[in-house]
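Novice: With the sequence up front, the predicted model follows.
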Amino acid sequence: MKKNALLYCLLALVVILASVNSVFADDVVTLRFQDWRLAEEPSASALKAIIDAFEEAHPNIKVELEPVTNAERVEKFNNQVRAGEAPDVVRFNVTEVPTEISMGAFEELDKFMEAEGGIEAFYADFAQFLVGPAISDGHAYAVPHEGDSFLLYLNKAMWEEAGLDPVNNPPKTFEELKAANAKLTDPSKNQYAFGMYPNFQWLQSWILAGGGRYFNDDYTETYLDSPESIEAFKFYINMYRDGEVPPGATEVSYGDQVALLAQKQVAYIQGPFATWGNIIDANPEIKEDLIAIPFPGTGQTAGRGTEFAIGKGSKHPEEAWELLKWLTSADMEFEFFKNGSMLPTRASALAMIDLDEYPEARMMIEEAVPNTGEPYPAFPAWGKGQVILNDAIAASLLGQGDPETNLREATEAIRGLL
C-alpha cells in the first residue's frame with residue numbers, strides 16, 4: 001500500500017509539473033522581426049546583440065529573426081500582409097511608409113503612444129522630417145530608428161596619388177569635381193573616379209547640391225525640371241557617359257558600390273553614415289585612408305532614414321510594441337550607432353555621441369545633417385513616382401534618349417501623380 005501511495009504521489013507530481021510547464025510555455029510569446037539590416041554587416045551583429053538584450057529583459061518574449069534582402073523585402077512583406085502572415089515588427093524606408101500606411105499594412109500605434117504621454121510627446125525626441133510620414137489622418141503608424149544625410153566617401157591615398165588634396169582642398173564646385181574626376185580615372189588600370197549607385201534616392205543629393213529640389217513641402221509641385229535640377233542631372237549622367245564611372249552602372253547595387261571603393265577600383269562613392277562602417281567591414285585595411293567630405297556646390301543633400309512598424313494582423317501587438325519601443329529607445333539607438341554604424345534619429349541619442357571618441361561621425365553631424373536640403377520623398381503616390389524617375393535615370397545612362405528630355409518627360413509624369 002505504501003508503494004502504491006508513493007507511486008500515486010509521483011504520478012500526481014508529474015502531472016502538476018507538466019501543467020505548470022504548459023502554462024509557462026503558453027506564456028512565452030514569439031515575435032517575428034523582419035529587417036534587411038539583418039542581412040548586412042555590421043548592422044546584423046549589432047541588431048542581434050540588441051535583440052539578445054531585449055529577450056533577457058523580457059523573458060516571456062522570444063524573437064525570431066527574419067533577414068530579408070533589400071531587393072525582395074517590400075514585395076515579400078506585402079505578400080505576407082495579403083496572406084495574413086505579416087511579421088510582428090518590420091523596417092521600412094521612410095519613402096515607403098506612407099504607401100504602406102495607405103495600403104493598410106501597419107497597425108495603428110495610437111493607444112501605445114497615448115500610454116507613453118501622447119503621440120506628440122512621444123515623437124518630440126525624433127527627427128521631425130521622419131515623423132511626418134509616420135502619421136496619417138492624425139494616427140501614428142511607425143517610429144523612426146536611424147536617419148541622416150549624405151557625404152562623399154573617399155580613398156584619400158588614391159586622390160593623393162592623382163595629385164589632389166581632398167583633406168585641405170576638396171572640390172567645392174561641380175567644375176572642380178569634374179576636373180578631379182579626370183585625374184582619378186584610368187581605365188587601363190581598371191580605376192575610375194566615382195562608384196555610381198543609380199537610383200532616385202542617391203540622385204536627389206546631386207540635385208540638391210546643384211541648387212535644385214525634388215518637391216515643395218506639401219508635395220503639390222515638383223521642381224525636377226528646373227534649370228538647376230536639369231544641369232545637376234546632366235552632370236550626374238555624364239559622369240557615366242564620360243567614362244568616369246565603371247561600366248555597367250545600371251546593374252550596380254549599394255553593396256557593389258561599397259565593394260568598388262573597398263577594393264580600390266573607384267576613388268569615391270556617396271552614402272549616409274552607415275556607408276563608413278560598410279566600407280571598413282568590406283576591407284578593414286582601408287580605414288587609414290578613408291575620409292568623408294561634403295558634396296560640392298551648395299553642399300546640401302537629402303535627409304534619409306528608416307522606421308519600424310507593427311505588421312497588420314500581428315497576433316501579439318502589445319509585445320511587438322515593447323520590441324519596437326526597445327529598438328527605438330535612446331540607449332538602443334546609441335548602441336546601434338556604436339556597433340552598427342547607423343546614426344540615431346533621437347536627439348537624446350545623438351547627444352550621447354562623443355565626437356572625439358567617434359571622429360568618423362563629426363563630418364556627418366556637424367556638416368551634412370545641418371545642411372540637409374529636403375527629405376526623401378514620402379507620400380502615398382511616390383511608389384509610382386520613384387519607378388518613373390528610376391526609369392529615366394536608367395534610360396539616360398544607357399543612352400536611350402537625351403538626359404534632359406528624359407528628365408522633363410519623367411517630371412511631367414510625376415506631376416500628374418500630385
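Specialist: Good, I have the coordinates.
Novice: Which of the helices and strands in the protein ranks last by mean pLDDT?
Specialist: helix 2-27 (a mean of 47; mean pLDDT, DSSP states H and E).
Novice: Can you give me the pLDDT of the closest residue to residue 77 other than its chain neighbours?
Specialist: Closest residue to residue 77 apart from its sequence neighbours, by C-beta to C-beta, 6 or more residues apart in numbering: residue 90 at 5.9 Å. Where C-beta positions appear, they are placed from N, C-alpha and C, glycine not excepted. pLDDT for residue 90: 98.
Novice: Ok, residue 325 next?
Specialist: 97.
Novice: Likewise for residue 378?
Specialist: 87.
Novice: mind listing what it touches?
Specialist: Neighbouring residues of residue 378 by C-beta atoms under 8 Å, 6 or more residues apart in numbering: 94-95, 97-98, 132-133.
Novice: make it 7 Å
Specialist: Listed by C-beta atoms under 7 Å, 6 or more residues apart in numbering, the contact partners of residue 378 are 94-95, 97-98, 133.
Novice: part of a helix, is it?
Specialist: No - using DSSP: H, G, I helix; E, B strand; the rest coil, the assignment for residue 378 is coil, not a helix.
Novice: Relative to residue 320, how far out is it?
Specialist: Distance of residue 378 to residue 320, given as C-beta to C-beta, to the nearest Å: 23 Å.
Novice: ditto for residue 44
Specialist: 21 Å.
Novice: Of these two, which one has the most company?
Specialist: The residue with more neighbours, out of residue 44 and residue 320, is residue 320; 28 against 17, by other C-beta atoms under 10 Å.
Novice: Going by residue numbers, what spans are strands in the stretch 251-400 of the chain?
Specialist: Using DSSP state E, counting those that start in this stretch, the strands of the stretch 251-400 of the chain run over residues 266-271, 290-293, 301-310, 372-375.
Novice: what packs against the first one?
Specialist: When you say that, I think you mean strand 266-271. strand 151-155, strand 192-194, helix 254-262 (3 or more C-beta pairs under 7 Å, 6 or more residues apart in numbering; DSSP states H and E).
Novice: and the last one, how far out from the chain's middle?
Specialist: The chain centroid and the centroid of helix 254-262 are separated by 16 Å under C-alpha atoms, centre = their mean, to the nearest Å.
Novice: Would you map out the domains in the chain?
Specialist: With domains defined by automatic domain parsing, the chain comprises 29-147+304-363, 151-303+371-415.
Novice: Now do the last one: distance from first to last residue.
Specialist: End-to-end span of domain 151-303+371-415 (C-alpha to C-alpha, to the nearest Å): 29 Å.
Novice: Report the distance from that domain to the chain centre.
Specialist: The answer for domain 151-303+371-415 is 16 Å, by C-alpha atoms, centre = their mean.
Novice: sorry, back to before: any chance of the contacts of residue 378 in CSV, plus secondary structure and distance to residue 245?
Specialist: Output for those, formatted as CSV (DSSP: H, G, I helix; E, B strand; the rest coil; distance: C-beta to C-beta, whole Å):
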residue, secondary structure, distance to residue 245
94, coil, 27
95, coil, 24
97, helix, 31
98, helix, 32
133, helix, 31
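Novice: which one of these sits closest to residue 180?
Specialist: Distance to residue 180, by C-beta to C-beta, is smallest for residue 95 among the contacts of residue 378, at 30.8 Å.
Novice: For the stretch 101-250 of the chain, which segments count as strands?
Specialist: Per DSSP E, counting those that start in this stretch, the stretch 101-250 of the chain carries strands over the ranges 135-136, 139-140, 143-148, 151-155, 192-194.
Novice: Quick check: neighbours of the fourth one in the sheet, parallel or antiparallel?
Specialist: Strands flanking strand 151-155 in the sheet, each with its direction: strand 266-271 (antiparallel), strand 290-293 (antiparallel) (DSSP bridges).
Novice: what's in contact with it?
Specialist: 166, 261, 264, 267-271, 275-276, 279, 286, 289-295, 363-364, 368.
Novice: If you drop the residues flanking it in sequence, what lies closest to residue 99?
Specialist: residue 383 (4.5 Å).
Novice: So that neighbour is in contact with residue 98, correct?
Specialist: No - if you go by C-beta atoms under 7 Å, residue 383 and residue 98 don't touch, sitting 8.8 Å apart.
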